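A.B. asks: Below are the sequence and a predicted model; questions follow.
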Amino acid sequence: MKKKIVLLWLIVGIAVGAIGLGTMKFALSSTNTNEFCLSCHLPDAGKEWMESKHYSNEYGVRVGCSDCHMPKELVPGLMRKMRASGEVFAHITGTINTPEKFEARRLKLAEREWARMRANGAQECKNCHFMDTINNPEKEFLRDFHVGVLESGQICIDCHKGLAHKAPEE
């Protein structure tokens, strides 16, 4: 009898764990869509993104919000989601729910994102941009220049702020 109870609790635990993981995966993927992000950011950061090369370019590649703002790894991704829940709360409570309020907090929000990117070596940039594929016959120095800059400890945003969103006044 005791073995049956232990087995039953084990099965219940596995089922509850599987349901919990499935629910978490669904919630994470649902909130990683451009549509979700634009539901709050359309008048400010979303509009800027739609005017950038990350949205429309000659290669037909569209880089979405989560491609830059969500780490692919589970733990860093969950940590970013927790921080993003604060941003959602700020939008709902009216702290950044207008373009003017967003602009007033742009530098603080950008600095927080830059610090996150600095901590992981701008991994989200490197997920798409590969040093060995930089090839511009008119500017042959670019590849070596970028490799040298990255080896010196700088990251992509040290030079490339303002590509997908307007860079705030520092």
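C.D. replies: That came through, no problem. Note that the coordinates shown come from a computational prediction; the quantities given were computed from them, not determined experimentally.
A.B. asks: can you give me the strands for the chain?
C.D. replies: Taking DSSP state E, the chain contains no strands at all.
A.B. asks: If you count residues, where's the longest helix of it?
C.D. replies: Across the chain, the helix with the greatest residue count (assigned by DSSP state H) is helix 2-30.
A.B. asks: Centroid-nearest residue for this protein?
C.D. replies: By C-alpha atoms, centre = their mean, the chain has its centre lying nearest to H69, at 1.0 Å.
A.B. asks: buried residues in stretch 42-50?
C.D. replies: Neighbour-count burial for stretch 42-50, with 16 or more other C-beta atoms under 10 Å as criterion, is recorded at 44-46, 48-49. In short, each C-beta sits where N, CA and C put it, glycine included.
A.B. asks: Against V6, how distant is I14?
C.D. replies: Using C-beta to C-beta, to the nearest Å, one obtains 13 Å as the distance from I14 to V6.
A.B. asks: can you pull the contacts of P71?
C.D. replies: By C-beta atoms under 8 Å, 6 or more residues apart in numbering, the residues touching P71 are 77, 80, 120, 123-124.
A.B. asks: can you redo those residues as a markdown table with pLDDT?
C.D. replies: Putting the contacts of P71 into a markdown table (pLDDT from 0 to 100) gives the following:
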| residue | pLDDT |
| --- | --- |
| G77 | 87 |
| R80 | 90 |
| N120 | 90 |
| Q123 | 91 |
| E124 | 91 |
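A.B. asks: Go ahead and build a ChimeraX selection from the buried members of these.
C.D. replies: For the buried members of the contacts of P71, the matching ChimeraX selection, counting by 16+ other C-beta under 10 Å, is:
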select :80,124
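A.B. asks: Which of the contacts of P71 fall in helices?
C.D. replies: With helices identified by DSSP H, the entries of these that belong to them are 77, 80, 123-124.
A.B. asks: from these, which single one is nearest N32?
C.D. replies: Of all these, N32 sits closest to G77, with 8.8 Å by C-beta to C-beta.
A.B. asks: So the closest one versus M117, what's the distance?
C.D. replies: From G77 across to M117, the span is 14 Å (C-beta to C-beta).
A.B. asks: Tabulate the contacts of P71 (CSV), appending distance to D144.
C.D. replies: CSV is the format used below for these (distance: C-beta to C-beta, whole Å):
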residue, distance to D144
G77, 33
R80, 33
N120, 24
Q123, 22
E124, 23
